[in-house]
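[1] Next one to model:
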Amino acid sequence: MQTLYSGGLLFDGDGRLLENYGVLVENDRIVKIAPRPEFTGFAGYVVDTSGGTLLPSLIDTAVHVTHGGEANPFIPAAARSDAAATLVALENVQASLIGGVGVVRDLGGRADVGRAVSAALDDGRFMGASLMTAGQTITATGGHGHDTGAVADGAPAVVQAVRKLVSGGASTIVLAASGGVTTGGTDPSMTYYTADEVAAGVEEAHRLNCPSAVMAHNPEAARYAVQSRAGTVLYGVGLDDDVIAAMVSAQMYLVPALGAMRALADAADDLVGEAGISVETVGKAQALADSHAGSLKRFYDAGGKVAFGSDCGMPLLSHGDNARELSHMVASGMTPIDALIAATGYAADMLSLTGRGRIAEGAVADLLVVDGNPADNIDAVADRGNHRLVVCGGAVAARRS
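    Next comes the predicted model:
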């Protein structure tokens, strides 16, 4: 079956915003992109995108599929059996798809759960955002995420942890080099791994042909990521000029995940306390939120590559609202078009995804149609209320009534 998308603007994932073009989809692939007159006389099904924009579905490089975005998602997530966690994860990838996201990468999760959900999606039993699984975060004793992560101390233990995760199907190795905001008792300004430990983990990941990412809430942790030649820095709080220059020179990606910090910093008083977000976590977020946003702006202004990651599943970030992160990126100084590149073409490149994140002949037909022109107002994409149509592999996943 062939479907023609025509009438509105076309954003291709590489920064081009085209007028008067049509996109022809056959089954699950894009087969032709051409000026609209070339489709004169087309007798198949036509989707009229007039007054809107057709773009690739977003790629979210940082989510937590077994967490639900409650004020304190960690307590229910820890209490779930693998079976219950699998159902929650499936619901969350379905919610992300309906929210305009075609691919998600799960960070710090349960590898078995991720593999089960990914298999169910791949064989067509369910429709949802395609799932890549990083598995547990590798962290030091007492480090960020130590309660659920793969705790490893010393370079040999870090190497062993990498091997176990890769053999278990991890798509990315993530190391927590610094303290974090949501882990009680950790200090984001401290590094919990040495440079040698980070280097050992990154080197082993790359030897096993697995990409790497380093969580960094301070410039020293980011410096370890640069020195180890990791592919990505997650969060990148407080980056200094030397680290930024080195990251740009090395073509490293920054996944800032701004919304998570901002949601915590702005949390309402009735969500803070015993059953909700800890006072400690809110205090850390409030202390770091402005520095976090400032780091993104300086990295972006220096020509750095930014990739989109929402951190959905973390406190107050529900799956399906992934695209809201785009508004934080633009508020921090990115242009709307560059924010969209971060969520499409750059995200695909960072994850080595061929045929995703771009509208190109031969690409998978993961598409999003929105009202208006996102180059004028990013809310056209960031606000899911403006989404008209979500297409997954050529099939309609969500349509606004």
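
[2] What lies in contact with the helix ranked longest in the chain?
    Taking DSSP state H as the criterion, the chain has its longest helix at helix 279-301. Helix 279-301 is touched from outside by 181-182, 184, 188, 217, 235-239, 241, 244, 247-248, 254, 256, 258, 261-262, 264-265, 267, 272-273, 306, 315, 328-329, 331-334, 338, with contacts defined as C-beta atoms under 8 Å, 6 or more residues apart in numbering. Yep, even glycine has a C-beta here, placed from its N, CA and C like the rest.

[3] What segments of the stretch 1-150 of the chain are helices?
    74-79, 82-98, 111-122 (DSSP state H, counting those that start in this stretch).

[4] quick one, domains of the protein?
    The chain resolves into domains spanning 2-55+357-399, 58-350 when parsed by automatic domain parsing.

[5] deepest of those domains, which one?
    When the domains of the chain are scored by mean count of other C-beta atoms under 10 Å, the highest mean neighbour count falls to domain 58-350 (a mean of 22).

[6] Figure out how far it is from the centre of its chain.
    8 Å (C-alpha atoms, centre = their mean, to the nearest Å).

[7] what mean pLDDT would you report for it?
    The average pLDDT for domain 58-350 rounds to 96.

[8] how long is that domain end to end?
    13 Å (C-alpha to C-alpha, to the nearest Å).

[9] hey, where'd the strands end up in the stretch 101-250 of the chain?
    Ranges of strands in the stretch 101-250 of the chain, per DSSP state E, counting those that start in this stretch, are 101-106, 130-133, 138-139, 150-151, 173-176, 212-216, 232-235.

[10] Kindly state the beta-bridge partners for residue 150.
    residue 138 (DSSP bridges).

[11] Contact partners for residue 85?
    Counted by C-beta under 8 Å, 6+ apart, residue 85 has contacts 66, 77, 110, 113.

[12] Among the residues you listed, which pair sits farthest apart?
    Using C-beta to C-beta, the two most remote members of those are 77 and 113, lying 10.6 Å apart.

[13] Overlap in contacts, those two.
    66, 85.

[14] and stretch 217-234, how far apart are its ends?
    8 Å.

[15] ugh, wrong one, I meant stretch 93-111
    Note: stretch 93-111 ends 15 Å apart using C-alpha to C-alpha.

[16] Skip the chain neighbours and tell me the closest residue to residue 234.
    residue 215 (4.6 Å; C-beta to C-beta, 6 or more residues apart in numbering).

[17] Does that neighbour touch residue 178 like I think?
    Yes: using C-beta atoms under 8 Å, residue 215 is in contact with residue 178, at 6.5 Å.

[18] Quick check: neighbours shared by those two?
    In contact with both residue 215 and residue 178: 144, 221, using C-beta under 8 Å, 6+ apart.

[19] before we move on, back to that, please render the helices of the stretch 1-150 of the chain as TSV that adds distance to residue 227 to the earlier fields.
    Formatted as TSV, those follow (distance: least, C-beta to C-beta, whole Å):
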stretch	distance to residue 227
helix 74-79	31
helix 82-98	34
helix 111-122	28
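
[20] Quick one, which of these gets closest to residue 228.
    The nearest among these, by C-beta to C-beta, is helix 111-122 at 22.9 Å.

[21] Take the strands of the stretch 101-250 of the chain and write them to JSON lines, including distance to residue 31.
    Output for the strands of the stretch 101-250 of the chain, formatted as JSON lines (distance: least, C-beta to C-beta, whole Å):
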{"stretch": "strand 101-106", "distance to residue 31": "18"}
{"stretch": "strand 130-133", "distance to residue 31": "21"}
{"stretch": "strand 138-139", "distance to residue 31": "42"}
{"stretch": "strand 150-151", "distance to residue 31": "43"}
{"stretch": "strand 173-176", "distance to residue 31": "36"}
{"stretch": "strand 212-216", "distance to residue 31": "35"}
{"stretch": "strand 232-235", "distance to residue 31": "33"}
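
[22] Can you say which of these is nearest to residue 12?
    That would be strand 101-106 among these, by C-beta to C-beta, at 15.0 Å.

[23] elements contacting the closest one?
    strand 58-63, helix 82-98, strand 130-133 (3 or more C-beta pairs under 8 Å, 6 or more residues apart in numbering; DSSP states H and E).

[24] could these be laid out in JSON lines, adding distance to residue 322?
    Shown next, in JSON lines, are the helices and strands packed on strand 101-106 (distance: least, C-beta to C-beta, whole Å):
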{"stretch": "strand 58-63", "distance to residue 322": "5"}
{"stretch": "helix 82-98", "distance to residue 322": "6"}
{"stretch": "strand 130-133", "distance to residue 322": "13"}
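
[25] Among these, which comes closest to residue 311?
    strand 58-63 (5.4 Å).
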